[in-house]
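Chemist: Quick one, structure for this:
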Amino acid sequence: MEVLIDFIFSTTYHGLGRLVFGKSFDTGEKVPLWKKIFLIFLAVVLIFALLALFGLGVNYFKK
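Modeler: Numbering: from 1, shown residues only. Prediction:
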């Protein structure tokens, strides 16, 4: 479980650095526009997936 949490936080950290600042925190490399668009798309898909899972969970426990 700790490994999973560490993976999520490190991925989020690097992804946010690339998305917001346009370059990686570690290497300082510039991120191309297509990668930024892909990261935004991935973030939106992940948010909708989490909302759907949350909605299913709430609906399940209401019964």
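Chemist: mean confidence for the biggest helix by length in the chain?
Modeler: Criterion DSSP state H: the longest helix present in the chain is helix 33-62. Helix 33-62 shows a mean pLDDT of 82.
Chemist: mind exporting stretch 30-50 as CSV, just the C-alpha atoms?
Modeler: Taking C-alpha atoms only, stretch 30-50 is exported to CSV below (Å, rounded to 0.1, in the frame of the first residue of the first chain):
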residue,chain,number,x,y,z
LYS,A,30,10.8,21.6,-21.7
VAL,A,31,7.6,19.7,-22.3
PRO,A,32,6.0,19.9,-25.8
LEU,A,33,2.5,21.2,-26.2
TRP,A,34,1.1,17.8,-27.3
LYS,A,35,2.3,16.3,-23.9
LYS,A,36,0.6,19.1,-22.0
ILE,A,37,-2.7,18.5,-23.9
PHE,A,38,-2.3,14.7,-23.2
LEU,A,39,-1.8,15.3,-19.5
ILE,A,40,-4.8,17.6,-19.3
PHE,A,41,-6.9,15.0,-21.1
LEU,A,42,-5.6,12.2,-18.8
ALA,A,43,-6.4,14.4,-15.7
VAL,A,44,-9.9,15.0,-16.8
VAL,A,45,-10.5,11.3,-17.6
LEU,A,46,-9.1,10.4,-14.2
ILE,A,47,-11.4,12.9,-12.4
PHE,A,48,-14.5,11.6,-14.2
ALA,A,49,-13.5,8.0,-13.4
LEU,A,50,-13.1,8.8,-9.7
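Chemist: Pull out the buried positions in the longest helix of the chain.
Modeler: Across helix 33-62, burial judged by 16 or more other C-beta atoms under 10 Å covers residue 39. All C-beta spots, glycine's among them, are computed from the backbone N, C-alpha and C.
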